[in-house]
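S.K.: Next comes the sequence, and after it the predicted model I'd like to discuss.
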Amino acid sequence: MNVPPQAPQYPPYAMQPPPYVPYPSASAGWYPPVPQSSSAPEPVPAPAPARTVRSELRGAVLHVELDSPETGNAVTMAMLDELLAVLAVPDPAVRVIVLSAAGRDFCLGGDRDELLAGLDEDPTGGRIRAYGDKARRVCDALVNSPAVTVARVQGRATGAGFALALACDLRVGADNAVFRLPELALGLPVAWGGLLPRLLHEVGAARVREIILTSRPVGAAEARELAILQRVVPEQELDEAVAEWARPITRRPEAALRVTKTLLASHASATRMADASVLDSELMASVLAAAHYTRTAAGRGPAS
């Protein structure tokens, strides 16, 4: 019986490719291609800017805190934007707004580095005008808020910090509080957020004139005498002093409270023959732009 010849048997691996070699070389033989991605890499999102204002609603009391203690809570354009976002559209359920600050000092004024950078970018003062307009809107939001606004002040309240505190209805300060308007010594007008007419109305022309022209600091005890502060307490008692004011106010009927605030603001405005603070941003921008031009011109030398 003839048996047909069988096909030769090979080991099962004989027809398989050699093992995968991760990196190509002249002696490696066959290796699978490395897959190539056809899509572009995902863009890395830019980090969110650090917030400089914190707010928290506790019942009918809105707590708004300047939260840039490493800069002395210097007022930047970003801080003004954040304050406007909180204050410009008031919640009718809020009866009291407490303005406070983190760190040792309430606020050391406007951010001068940012102002100078704005002048380098726009020597005509356009950025300064925008900054000044926002400052006025923030202070007006505090003055005209239907809620009662309370400033809680510790440490130094300088320039813009002075203006923010003075824009509030009630002001309590720690016994280490110090107010100062150094603008004239810095070559600037007192033109921030409508501060000057409010200060004249609250304190009186003779005392305000002396404080501005000398640029001297005003301590807590004197600030109480001048009605810059209505109350002075040890720093550890500030929160309780604020609460003592807030508790009865939160029980007042909303309509009566709103109308009373409007009446108080109206009568205060009626005592002013004119409110030139609407020109604050223009005054600040023109003085800073002129000073900037003088400095840069001096650096260039005489014109040929």
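M.R.: Sure thing, it's come through. Numbers count the residues shown, from 1 in each chain.
S.K.: need the strands for the chain, in chain order.
M.R.: Using DSSP state E, the strands of the chain run over 53-58, 61-66, 96-101, 148-153, 156-158, 170-174, 178-180, 218-219, 231-233.
S.K.: could you redo those as a markdown table and give each row mean neighbour count?
M.R.: Glycine gets a C-beta too; all of them are placed from N, C-alpha and C. Formatted as a markdown table, the strands of the chain follow (neighbours: other Cβ atoms under 10 Å):
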| stretch | mean neighbour count |
| --- | --- |
| strand 53-58 | 14 |
| strand 61-66 | 21 |
| strand 96-101 | 25 |
| strand 148-153 | 25 |
| strand 156-158 | 25 |
| strand 170-174 | 24 |
| strand 178-180 | 22 |
| strand 218-219 | 18 |
| strand 231-233 | 19 |
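S.K.: How about the contacts made by the closest residue to Val233 other than its chain neighbours?
M.R.: Using Cβ to Cβ, 6 or more residues apart in numbering and skipping residues adjacent in sequence, the residue nearest Val233 is Ala241, 4.9 Å away. Applying Cβ atoms under 8 Å, 6 or more residues apart in numbering to Ala241 gives the contacts 172, 231, 233.
S.K.: Please name the bridge partners of the first one.
M.R.: Which is Val172. Arg152, Arg231 (DSSP bridges).
S.K.: tell me the contacts of it?
M.R.: Val172 touches 150-153, 229-233, 238, 241-242, 245, counting by Cβ under 8 Å, 6+ apart.
S.K.: The second one now?
M.R.: With contacts defined as Cβ under 8 Å, 6+ apart, Arg231 is in contact with 171-173, 224, 241.
S.K.: got a pLDDT number for the nearest residue to Arg224 once chain neighbours are set aside?
M.R.: Using Cβ to Cβ, 6+ apart and skipping the chain neighbours, the partner closest in space to Arg224 is Val232 (4.9 Å). On pLDDT, Val232 comes in at 98.
S.K.: so what's Val232 up against?
M.R.: Contacts of Val232 by Cβ under 8 Å, 6+ apart are 172-175, 177, 220-221, 223-224.
S.K.: picking up where we left off before, what two of the contacts of Arg231 have the greatest distance between them?
M.R.: Pairwise distances across these (Cβ to Cβ) peak at 12.5 Å, for the pair Arg224 and Ala241.
S.K.: what's the spacing between the nearest residue to Ser100 once chain neighbours are set aside and Ala74?
M.R.: Leaving aside its sequence neighbours, Ser100 sits nearest to Arg152 (Cβ to Cβ, 6+ apart; 4.0 Å). Relative to Ala74, Arg152 is positioned 18 Å away (Cβ to Cβ, to the nearest Å).
S.K.: And Arg112, by the same measure?
M.R.: 8 Å.
S.K.: So for the two, which residue has more residues nearby?
M.R.: Taking other Cβ atoms under 10 Å, Arg112 and Ala74 do not tie; Ala74 has more neighbours (23 against 13).
S.K.: so what's the more buried one closest to, chain neighbours aside?
M.R.: Closest to Ala74 by Cβ to Cβ, 6+ apart is Asp111, at 4.2 Å.
S.K.: Was I right to think that neighbour contacts Thr71?
M.R.: Yes: between Asp111 and Thr71 there is a contact at 7.0 Å, judged by Cβ atoms under 8 Å.
S.K.: Between the two, point out the one with more neighbours.
M.R.: The neighbour comparison of Asp111 against Thr71 (other Cβ under 10 Å) goes to Asp111, with 22 against 17.
S.K.: who touches the more buried one in this structure?
M.R.: Shown in contact with Asp111 (Cβ under 8 Å, 6+ apart): 71, 74-76.
S.K.: farthest pair in the contacts of Val232?
M.R.: Greatest spatial distance in the contacts of Val232: Val172 and Ala221, 13.7 Å, computed using Cβ to Cβ.
S.K.: Which stretches in this protein count as helices?
M.R.: Assigned by DSSP state H, the helices in the chain fall at 77-87, 112-121, 126-143, 160-166, 195-203, 205-214, 220-225, 238-250, 254-270, 280-300.
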